[in-house]
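Trainee: pasting a predicted model and its sequence here:
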Amino acid sequence: MAREQGTLNPYNPWPRIGWGVAATIVVVAVVLGFGFLARYQQGGPTLDIWSAICRGIGITADTGPAGEPKPALVTPTRIAWTSATLGQIAAGDAKHGAFVALNCTACHGEHGISQSGLYPTLAGMDAAVIYKQLDDFRSGKRSWGAMNAIGQALSLQDSADVAANFATQPGGLAALTGDRVPEPGRSLREPDPAKRLVFAGDPQRGIPPCSACHGPGGYKLGAPALQRQQASYIEEQLVAFAQGLRQNDIFEQMRIIAKQLTPDEIHAVAVFYGAGVGASGGLASQ
Amino acid sequence: MQNSSRLALYHFWVAFGLFLPAVVLGAWQMLMRSPLPAPLDDTNAYYASVTRHGTVMAYVVTTFFAMGFGYAVTATSLGRPVRGVVAAWIGFVICLVGAVMAAVTVLLGRATVLYTFYPPLLASPWYYFGALLLIGGSMIWVVLMITNMSAWKRDNPGQPVPLAMFAITATAILWAWAASGVEIELLFVLIPKALGMTAQIDAALGRTLFTVTLHAIVYFWLMPAYIAFYTLVPQAAGGRLYSDTAGRLTFIMFIVFSVPVGVHHLFQDPEIGGGFKFLQSFLTFFVALPTLLTVYSLCASLEIAGRVRGGRGLLGWIGALPWQEPMILAVALSLVMLGLGGFGGLINMSYAMDNMVHNTAWVTAHFHLIWGGAVMIMYFAIAYEMWPRITGKTLRSKALARWQLWLWFAGIMIVTIPWHITGVMGMPRRVAAFDYSDPFIAPMGPLVIISVIGGLIVLMSAILLITILVRSQLGERMLAAPLQYALAVNPPRTVPASLNGFALWNCILLVLMVLAYGYPIGQFLFLKSSAPAYDVTRQATSAESK
């Protein structure tokens, strides 16, 4: 048998059937999907055929309130995680950052390891976090007397450099990675409320587990590691989020979470993280 | 032992060897998300476990089983040794290395991506390299299936290719089409980002590419079962195949209709236009055709066998079937699950109805019923049929095998019926922890506990399976009758060229793919780019970790 010599010959029955059936199906689907469905889609205006085809393809210029006055844009921060921003942070010069960091030791401690509950430990904090907070201080999106002035004194490059420097300092916060050695008691069944909130959250109140972003075992761009952070600093920030005094969380997630926590829970979580979370067993002590 | 038998045996053992621990993990996951206490209750461990369970079941077990089955079918249906045995062994080793790489990375907690290739979830590059090796290695098998079939056609001009060989080659071709999506995604989207070569990842492009694989892969898993339906079941029943042409058309329709339909997995994603979603949804309905045709032919074949065995009356032939044969029992149980699961699938693929069940336990129930149930039980039956032939030992024993199949059926039904219900009640899938004191969740608690019981039954059945296979292999040597494939009622003497090869159907599929996926993928490259995504997870690479 010659190898499929009839494949494209329309007079042979199987190629005719095959192409015919496939073409019919496609034509029917196209007419329905790009014509009928897109034109009379429920909940939208009935469109002329050309706009309907565009909507079917996914070009949705027809949606959205045209010509309505738009309110002024208010954002909780100026930072967006564009590749330009991430590129600048990644290009931070840790050596020059060490020079800038000399100005920080008075409050944030030698090598960024804070000795006071008023100031956070910066050693080991993700560079993107430090960079964003410095810009929020610079733009006034986050308020803390001295830091607003310092933020304005630093250039964007200085911010990236000092962030790179602190990010690589050892001995501070535990690095955020996706790794976590499994350990019992990290679910909703856990009776200790701090441990339960950190590892399982509270679905009824819509509170995700802290560890999903702040570690251990979780990482989200822009969220700081909290293991071995100053407990009273964590507590103070949670209160500030709860009371709306601090508003620079991009999607308002920390304000929504903190608002729902009781003072006891805030305290317990802060102490839990301050002690190093897994200090008793896990990844904290790297 | 013949070399092709050994090939098949090694592949089967890798598949079933990894299958058992994955079932154990599945049972633990069910316990973890239930109201009952679970050992090692760590929510992160749940997601790592889902990743391992899914990776092993969806990619490793299936790929190895299909490859082993393919070599066995090639040797037995063509009646001559597999050509390219050396290449086959090389492919086996590559796949094994890939599978181990991926599995170890998941075990180390560095690839908790829920076994999907949906960015912006991102795993360690080792996981992706492992997947690439596994898929790449299986392409050697694809090439071997195609070359074995065309070599036979060259040597037997004008002869119809045996249906079993035609079908396994169709499976291989389907897999080549299906795998193309995830291969491109791995090479150009995921691995560059995982290695840190790119700062951003086009999540929508990655997701769209993955859907090329995502639905067709299901039919790749399914096709060994369908091959058994057409070629092994009528023989085991002592009858004949109702129609050889129906078999060829079935596998051809699977090739044509199972790939350009994957976007129905992205109905809730904004990056694809409604028209294309409808187009692919519409095409998806035609995937039901080969299944309906198969059920029809299968029932007709069984009726022929039943009547040959003396069955009388409208339904008397059913009782006359040889129910002591694991293959016949498996088919009946498989059809029940395929039927229920198939109707559920019609809901998932409907553009509007999918809204109700998207991302709920319903979806998990659906694919556990179809794949874990209908297909897996046929894998077991195929293994029981093949084992005496490839090991030269008797199966010990058919009674145990029937127990195993019944337990599996019962377990899967008890697992999936409650899941369907909780899914409609709104229980999300891929969630580790539920607060059963919540008045919304509380009514789901008893149903979830019932499904845990099903999970334990499934686990018992899996242990029994391995016991039977090991016992048989350690048993007495015995000459088994060579594997026979069912003869058709009207054995084909000549078949049209189009039904004896795949050139026409590959052309039609190519055109359909361009129509269905050309714009949805092309839009990211030329017209618009989706929102840039950053890492939502971070998996330490070996370079990063201290």
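Mentor: Good, I have the coordinates. Note that the structure is predicted; figures quoted are calculated from it, not measured.

Trainee: contacts, neighbours, all on C-alpha from now
Mentor: Noted.

Trainee: the domain parsing of chain A - what is it?
Mentor: Chain A is divided into the following domains under automatic domain parsing: A:20-57, A:83-167, A:193-280.

Trainee: out of those, the one nearest chain B is which?
Mentor: Distance to chain B, taken as C-alpha to the nearest C-alpha, is lowest for domain A:20-57 among the domains of chain A, at 3.8 Å.

Trainee: quick one: buried residues of the closest one?
Mentor: Within domain A:20-57, the residues that count as buried by 16 or more other C-alpha atoms under 10 Å in any protein chain shown are A:22, A:26, A:29-30, A:32-39, A:41, A:47, A:51-57.

Trainee: one more: stretch B:458-472?
Mentor: Buried, per 16+ other C-alpha under 10 Å, within stretch B:458-472: B:458-466, B:468-469, B:471-472.

Trainee: look up phi and psi at residue B:488.
Mentor: Dihedral angles of residue B:488 (phi, psi; degrees, to the nearest 10) stand at phi -80, psi 160.

Trainee: please name the nearest non-neighbouring residue to it.
Mentor: Spatial nearest neighbour of residue B:488, excluding adjacent residues (C-alpha to C-alpha, 6 or more residues apart in numbering or on different chains): residue B:241 at 4.3 Å.

Trainee: for residue B:90, same thing?
Mentor: Counting by C-alpha to C-alpha, 6+ apart, the residue nearest residue B:90 is residue B:137, at 7.9 Å.

Trainee: before we move on, the earlier item: mind putting the domains of chain A in JSON lines, mean pLDDT and distance to chain B included?
Mentor: Formatted as JSON lines, the domains of chain A follow (pLDDT from 0 to 100; distance: least, C-alpha to the nearest C-alpha, whole Å):
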{"stretch": "domain A:20-57", "mean pLDDT": "86", "distance to chain B": "4"}
{"stretch": "domain A:83-167", "mean pLDDT": "93", "distance to chain B": "6"}
{"stretch": "domain A:193-280", "mean pLDDT": "90", "distance to chain B": "5"}
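
Trainee: just tell me which of those ends up closest to residue B:354.
Mentor: domain A:20-57 (16.1 Å; C-alpha to C-alpha).

Trainee: please put the alpha-carbon coordinates of the longest helix belonging to chain A into CSV.
Mentor: The longest helix of chain A (DSSP state H) is helix A:13-30. Output of helix A:13-30 as CSV, limited to C-alpha atoms (Å, rounded to 0.1, in the frame of the first residue of the first chain):
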residue,chain,number,x,y,z
PRO,A,13,-13.8,9.0,1.1
TRP,A,14,-11.8,9.1,4.4
PRO,A,15,-9.9,12.3,3.7
ARG,A,16,-13.2,13.9,2.6
ILE,A,17,-15.0,12.7,5.7
GLY,A,18,-12.1,13.8,8.0
TRP,A,19,-11.7,17.2,6.6
GLY,A,20,-15.4,17.7,6.2
VAL,A,21,-16.3,16.8,9.7
ALA,A,22,-13.4,18.9,11.2
ALA,A,23,-14.3,21.9,9.1
THR,A,24,-18.0,21.7,10.0
ILE,A,25,-17.3,21.5,13.7
VAL,A,26,-14.9,24.4,13.5
VAL,A,27,-17.3,26.6,11.5
VAL,A,28,-20.2,25.9,13.9
ALA,A,29,-18.0,26.6,16.9
VAL,A,30,-16.6,29.8,15.5
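
Trainee: run through the neighbouring helices and strands of that helix.
Mentor: In this structure, helix A:13-30 packs against helix B:274-285, helix B:503-522, with contacts taken as 3 or more C-alpha pairs under 8 Å, 6 or more residues apart in numbering or on different chains; DSSP states H and E.

Trainee: and the first one, how far out from the chain's middle?
Mentor: Between the centre of helix B:274-285 and the centre of its host chain there is 23 Å, according to C-alpha atoms, centre = their mean, to the nearest Å.

Trainee: now for that helix, which elements pack on it?
Mentor: Helix B:274-285 packs on helix A:13-30, helix A:49-57, helix B:503-522, going by 3+ C-alpha pairs under 8 Å, 6+ apart.

Trainee: nearest to residue A:243, out of those?
Mentor: helix A:49-57 (43.9 Å).

Trainee: count the residues that sit near residue B:86.
Mentor: 10 (other C-alpha atoms under 10 Å in any protein chain shown).

Trainee: what helix or strand is the residue nearest to residue B:90 located in?
Mentor: helix B:125-155 (DSSP states H and E).

Trainee: same question, residue B:235
Mentor: Here residue B:235 is assigned to helix B:233-236, by DSSP H and E.

Trainee: in the helix or strand following that helix, what's buried?
Mentor: Counting by DSSP H and E, the next helix or strand C-terminal to helix B:233-236 is helix B:244-257. Residues B:244, B:246-257 are the ones in helix B:244-257 that count as buried (16+ other C-alpha under 10 Å).

Trainee: just send those residues back as TSV, with pLDDT and distance to chain A too.
Mentor: Output for these, formatted as TSV (pLDDT from 0 to 100; distance: C-alpha to the nearest C-alpha, whole Å):
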residue	pLDDT	distance to chain A
B:244	93	16
B:246	94	14
B:247	94	15
B:248	95	12
B:249	94	11
B:250	95	13
B:251	96	14
B:252	95	10
B:253	95	10
B:254	95	13
B:255	95	12
B:256	94	9
B:257	93	9
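
Trainee: now these as CSV including distance to residue B:48?
Mentor: Output for the buried residues of helix B:244-257, formatted as CSV (distance: C-alpha to C-alpha, whole Å):
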residue, distance to residue B:48
B:244, 45
B:246, 43
B:247, 40
B:248, 41
B:249, 41
B:250, 38
B:251, 36
B:252, 38
B:253, 37
B:254, 33
B:255, 34
B:256, 35
B:257, 34
